[in-house]
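>>> What follows is a predicted structure for the sequence shown.
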Amino acid sequence: MKMIYRIAPWLLLLLFLGDVAGMLAPKKDGDFHIREFAKLPVLMNGRIQPFDSVARNSLLQIRGTAEVPLEEVPSWQFWHHARKLKSTEWLLELMANQTAADNRPIFLIHNPELLGDLKLEDKGVDKSGLRYYTFREIEPVLPEIRSQNIRARKVEESVQTPLQRQVVKLGNALAIYTHLRYTLQPEGTKNFSADVTEITQSIEPGVKAVQAADEGKPYDKAAYDTLSQTVENFTELKKDSAAGTLYPLAFPPSEPAVSRNEWGNVGMAVVETIRQRGYEPLAFLADIVTSYQHGDATTFNTSVSGYAEWLKKDFSKELSKGKNEFFYNETKGFLHAMIMYVSAFVLTAFGLLTFGTFNQASECLRKSAFLIILLAFVVHTSCLIFRMVLENRPPVTNLYSSAIFIGWGAVFLGVILEKIFKIGIGNAVASVAGFITLLIAHNLALNGDTMEMLRAVLDTNFWLATHVVVVTLGYASTFVAGLLALIYILLGVFTPVLAQKIGGSKAPAIDAKSKDAVKSTTVGKALPSMVYGIVCFATLFSFVGTVLGGIWADQSWGRFWGWDPKENGALIIVIWNAVVLHARWGGMIRERGLMVMAIVGNIVTSFSWFGVNMLGIGLHSYGFMDKTFDNLKWFIISQLLLIALGLIPVRYWRSYRPAVTPKIDGPAAGKPAAA
């Protein structure tokens with residue numbers, strides 16, 4: 001039995017290592033080399049990204065998923081994996097075969113009032129209470145959607161009704177869908193490859209006709225009109241890409257040495273073809289979309305590889321960026337880390353609550369959870385660094401990256417705690433924090449591109465990078481202290497765990513000089529020590545991070561401190577952590593008081609970090625999100641309830657409930673035994 005307890009953690013680690021190996025293993029393409037196409041770069045949202053990212057982010061905003069199911073499977077048949085259309089395949093279908101794409105149920109509408117207005121109650125596909133509609137089903141009511149969308153957008157987001165928010169979201173989804181249609185070919189095109197060939201062949205005769213007309217000589221009127229009409233039509237189409245946001249701009253600039261960021265749409269490509277008497281990207285991409293439309297895998301694959309070779313000459317950096325981001329998207333490292341964190345939490349929970357705190361079974365589960373968390377942390381760290389290198393940015397640039405980095409910092413602290421105390425509490429902190437923050441990040445990714453270009457206020461210097469990293473670690477530490485306090489209160493009120501000794505009932509008495517001093521205390525004594533240490537860490541980092549922010553503000557805005565709401569929030573967090581430490585040093589609070597104040601720290605940090613952004617004022621209002629208000633409200637309410645729970649007298653806590661001496665009859669009680 002002892003052998004099983006020793007090898008079980010390593011066997012579980014081996015199982016998850018196999019999952020990581022599968023995540024990193026190269027995947028094969030089918031007849032069409034769609035994965036190679038998915039790596040090709042485009043310009044969208046102000047940054048270079050692969051077609052794969054365009055497809056994933058667009059589908060997430062339209063449907064809420066990164067894939068389109070091709071068959072409906074009852075939810076109870078969980079063992080049957082439904083066939084799905086991957087995001088890049090869906091994008092190719094939308095660009096090349098619009099008839100098929102228009103009949104895919106991808107538009108999510110769940111507001112009953114809007115469904116009633118549009119008379120769509122009896123249409124669409126129901127999936128777990130959500131209804132999905134095809135473009136063909138929505139097309140007859142497009143005028144009504146546009147009308148409601150215009151009215152809804154005139155209302156400030158903070159006061160929009162659920163109906164208005166749904167209309168705006170649907171309008172945005174329809175805009176994305178419409179723009180994606182014409183990424184590689186103009187509207188109404190049947191065979192764009194043949195059209196490009198025809199345009200190319202008309203250039204020389206057309207140019208000669210134009211020159212002859214300018215010189216007053218006889219000219220070929222048909223050639224003149226053909227070229228003039230082509231230039232006029234595509235010049236008008238070219239103007240649509242001026243903003244650089246409406247379309248994925250798939251055609252690189254013809255003169256990369258002049259500007260590498262002036263990518264354009266198909267209109268620009270045709271105009272450049274006429275101006276230069278040829279433009280290879282247009283020919284390659286036209287062949288790609290046409291061959292996919294006609295099911296010609298050979299031409300498709302040849303065109304994809306040919307275009308990639310062409311890009312290597314002048315756009316190798318963009319091509320490499322597309323390949324690396326495709327790898328990042330495909331591996332889904334954060335998702336795998338999230339699965340490992342939740343698995344580790346289940347093992348930790350069983351170890352703490354089911355088998356008792358310190359026996360062989362619970363120690364096996366604790367060690368298993370610790371090893372899995374270490375592996376998840378390696379994956380988490382690798383993805384975080386890969387993302388930073390990919391965008392050449394600090395780890396915190398928006399809410400998505402902030403959630404990822406908070407989780408990373410919390411997991412790191414949890415691992416350190418577990419390494420020191422070895423009682424499973426560090427595992428609980430690391431697994432819960434890692435899972436919840438990555439889950440939040442996953443939900444934030446539904447809003448679109450998570451690697452969008454930085455706002456000007458953030459795109460500055462070294463001091464900003466150090467400021468956001470250090471201050472975020474300080475905030476994350478404050479949350480870790482609050483999470484430990486939460487665990488203390490829940491375990492104390494509902495379980496006997498806090499009163500148990502670390503090392504078992506036969507643990508030696510506490511001896512400060514002994515190497516086993518930590519292992520001889522109780523869980524109820526160890527947890528306050530953890531919280532105290534984390535609060536010290538949080539105070540240091542939040543203070544240093546705030547000072548670094550002042551240095552950045554001095555360089556960027558010409559003043560160190562301006563009593564901006566966000567600056568005030570940072571200062572409040574520093575002050576609160578200092579208050580907790582002084583209350584502890586001064587003997588005003590003991591273990592339970594420390595825990596209650598640590599949970600108050602959760603409220604202070606959440607409001608100072610996110611709440612002040614909702615004021616919509618100040619130089620830091622770039623993080624303003626009305627949707628966060630409800631989540632923040634419920635989070636604060638939950639913390640207040642935990643504080644109330646922590647204020648219950650300890651005599652009512654299960655961990656400290658007075659023992660009841662059972663009545664004993666018979667000789668042991670001094671009574672004669674029955675005859």
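All right, it came through fine. Model, not experiment: these values are computed from the prediction.

>>> if I've got this straight, residue 126 is in a strand?
Yes. Counting by DSSP: H, G, I helix; E, B strand; the rest coil, residue 126 is part of a strand.

>>> And it, how far from residue 72?
To residue 72, residue 126 is 9 Å away according to C-beta to C-beta, to the nearest Å. No exception for glycine: its C-beta is placed from N, CA and C like everyone else's.

>>> what do you get for residue 427?
To residue 72, residue 427 is 40 Å away according to C-beta to C-beta.

>>> more neighbours, the two?
residue 427 (29 against 10; other C-beta atoms under 10 Å).

>>> and the worst-scoring helix or strand of the chain on mean pLDDT, what does it pack onto?
One helix or strand of the chain scores below all others by mean pLDDT, DSSP states H and E: strand 125-127, with a mean of 80. If contacts are counted by 3 or more C-beta pairs under 8 Å, 6 or more residues apart in numbering; DSSP states H and E, strand 125-127 sits against strand 130-133.

>>> C-alpha coordinates for the strand it packs on, CSV please?
Listed in CSV are the C-alpha atoms of strand 130-133, where the atom choice follows Å, rounded to 0.1, in the frame of the first residue of the first chain:
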residue,chain,number,x,y,z
LEU,A,130,-29.7,29.4,-26.4
ARG,A,131,-30.9,30.0,-30.0
TYR,A,132,-28.7,30.3,-33.0
TYR,A,133,-29.8,31.6,-36.4
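
>>> what residues does it touch?
With contacts defined as C-beta atoms under 8 Å, 6 or more residues apart in numbering, strand 130-133 is touched by 63, 105-110, 115, 120, 123-125.

>>> Quick check on those: which are buried?
Neighbour counting with 16 or more other C-beta atoms under 10 Å marks 63, 105-109, 115, 120, 123-124 as buried within the contacts of strand 130-133.

>>> Show me these that map onto strands.
Of these, the ones assigned to strands by DSSP state E are 107-108.

>>> Output the buried ones among the contacts of strand 130-133 in CSV; the columns should cover distance to residue 48 and pLDDT.
Shown next, in CSV, are those (distance: C-beta to C-beta, whole Å; pLDDT from 0 to 100):
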residue, distance to residue 48, pLDDT
63, 25, 90
105, 32, 92
106, 26, 92
107, 29, 93
108, 29, 90
109, 33, 89
115, 39, 89
120, 38, 88
123, 39, 88
124, 36, 84
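
>>> With distance to residue 229 as extra columns, can I get the buried ones among the contacts of strand 130-133 in TSV?
Below are those laid out as TSV (distance: C-beta to C-beta, whole Å):
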residue	distance to residue 229
63	39
105	39
106	36
107	36
108	41
109	41
115	44
120	41
123	41
124	42
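
>>> Can you tell me which of the buried ones among the contacts of strand 130-133 comes closest to residue 600?
Using C-beta to C-beta, residue 108 comes nearest to residue 600 of those, at 39.1 Å.

>>> give me the beta-bridge partners of the closest one?
Counting by DSSP bridges, residue 108 forms beta bridges with residue 132.

>>> Touching, residue 308 and residue 319? I think so.
Yes. Residue 308 sits in contact with residue 319 when judged by C-beta atoms under 8 Å, with a separation of 6.4 Å.

>>> Looking at these two, which has the bigger crowd around it?
Between residue 308 and residue 319, counting by other C-beta under 10 Å, residue 319 is the more crowded of the two (23 against 19).

>>> Figure out the helix or strand that that one lives in.
helix 316-331 (DSSP states H and E).

>>> What is that helix packed up against?
Helices and strands touching helix 316-331, by 3+ C-beta pairs under 8 Å, 6+ apart, are helix 34-38, strand 41-44, strand 47-50, helix 51-63, helix 297-314, helix 360-391.

>>> With distance to residue 238 added, can I get the ones you listed in a markdown table?
Listed next are the helices and strands packed on helix 316-331 as a markdown table, based on distance: least, C-beta to C-beta, whole Å:
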| stretch | distance to residue 238 |
| --- | --- |
| helix 34-38 | 24 |
| strand 41-44 | 15 |
| strand 47-50 | 20 |
| helix 51-63 | 20 |
| helix 297-314 | 21 |
| helix 360-391 | 29 |
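
>>> Of the ones you listed, which is nearest residue 576?
helix 360-391 (27.9 Å).

>>> Using neighbour counts, pick out the buried residues of the helix or strand that the closest one is followed by.
Once the chain leaves helix 360-391, the next helix or strand it forms, by DSSP H and E, is helix 399-421. Judged by neighbour count (16+ other C-beta under 10 Å), helix 399-421 contains these buried residues: 399-418, 421.

>>> what mean pLDDT would you report for helix 399-421?
Here helix 399-421 scores 90 as its mean pLDDT.

>>> number of nearby residues for residue 313?
Neighbours of residue 313 (other C-beta under 10 Å): 10.

>>> That should have said residue 283, apologies.
Counted with other C-beta under 10 Å, the neighbours of residue 283 add up to 20.

>>> returning to what we had before: same list, the contacts of strand 130-133, but as CSV with distance to residue 331 please.
As requested, the contacts of strand 130-133 are exported to CSV (distance: C-beta to C-beta, whole Å):
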residue, distance to residue 331
63, 22
105, 28
106, 25
107, 29
108, 27
109, 32
110, 31
115, 38
120, 38
123, 38
124, 33
125, 30
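
>>> Okay, domains of this protein per the record?
Following automatic domain parsing, the chain resolves into domains at 105-181, 192-315, 486-507+515-655.

>>> Of those, which is nearest residue 365?
Taking these one by one with C-beta to C-beta, domain 486-507+515-655 is closest: 14.2 Å.

>>> Please save the CA atoms from stretch 587-597 in CSV.
Taking Å, rounded to 0.1, in the frame of the first residue of the first chain, the C-alpha atoms of stretch 587-597 are listed here in CSV:
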residue,chain,number,x,y,z
GLY,A,587,-2.2,43.5,19.3
MET,A,588,-5.5,45.1,18.3
ILE,A,589,-6.4,41.9,16.3
ARG,A,590,-5.4,38.3,16.6
GLU,A,591,-5.9,35.4,14.1
ARG,A,592,-9.6,35.8,13.5
GLY,A,593,-9.3,39.6,13.2
LEU,A,594,-6.4,39.3,10.8
MET,A,595,-8.5,37.1,8.6
VAL,A,596,-11.6,39.4,8.6
MET,A,597,-9.4,42.4,7.7
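
>>> what's the following helix or strand after the longest helix along the chain?
The longest helix of the chain (DSSP state H) is helix 523-557. Toward the C-terminus, helix 523-557 is succeeded by helix 565-585 as the next helix or strand (DSSP H and E).

>>> Can you check the pLDDT for the closest residue to residue 541 other than its chain neighbours?
What sits nearest to residue 541 in space, not counting adjacent residues and going by C-beta to C-beta, 6 or more residues apart in numbering, is residue 474, at 3.4 Å. Among the per-residue scores, residue 474 holds a pLDDT of 90.

>>> Okay, and residue 474 sits in which element?
Using DSSP H and E, residue 474 sits in helix 462-494.

>>> Now do that helix and helix 360-391, the angle between them.
Helix 462-494 and helix 360-391 are oriented at 160 degrees to each other (axes from the mean of the first three to the mean of the last three C-alpha atoms, to 10 degrees).

>>> State the pLDDT value of residue 505.
If you check residue 505, the pLDDT there is 41.

>>> What angle do helix 399-421 and the longest helix of the chain make with each other?
Going by the same axes, to 10 degrees, helix 523-557 makes 140 degrees with helix 399-421.

>>> Go through helix 523-557 and flag the buried ones.
For helix 523-557, burial by neighbour count (16+ other C-beta under 10 Å) applies to 523-524, 526-553, 556.

>>> any weak-confidence spans in the stretch 551-675 of the chain?
Residue ranges of the stretch 551-675 of the chain with pLDDT under 70: 612-629, 658-675.

>>> could you pull out the strands for it?
With DSSP state E, counting those that start in this stretch as the definition, the stretch 551-675 of the chain shows no strands.

>>> where exactly do the helices run in it?
Here the stretch 551-675 of the chain has its helices, by DSSP state H, counting those that start in this stretch, at 565-585, 591-609, 628-646.
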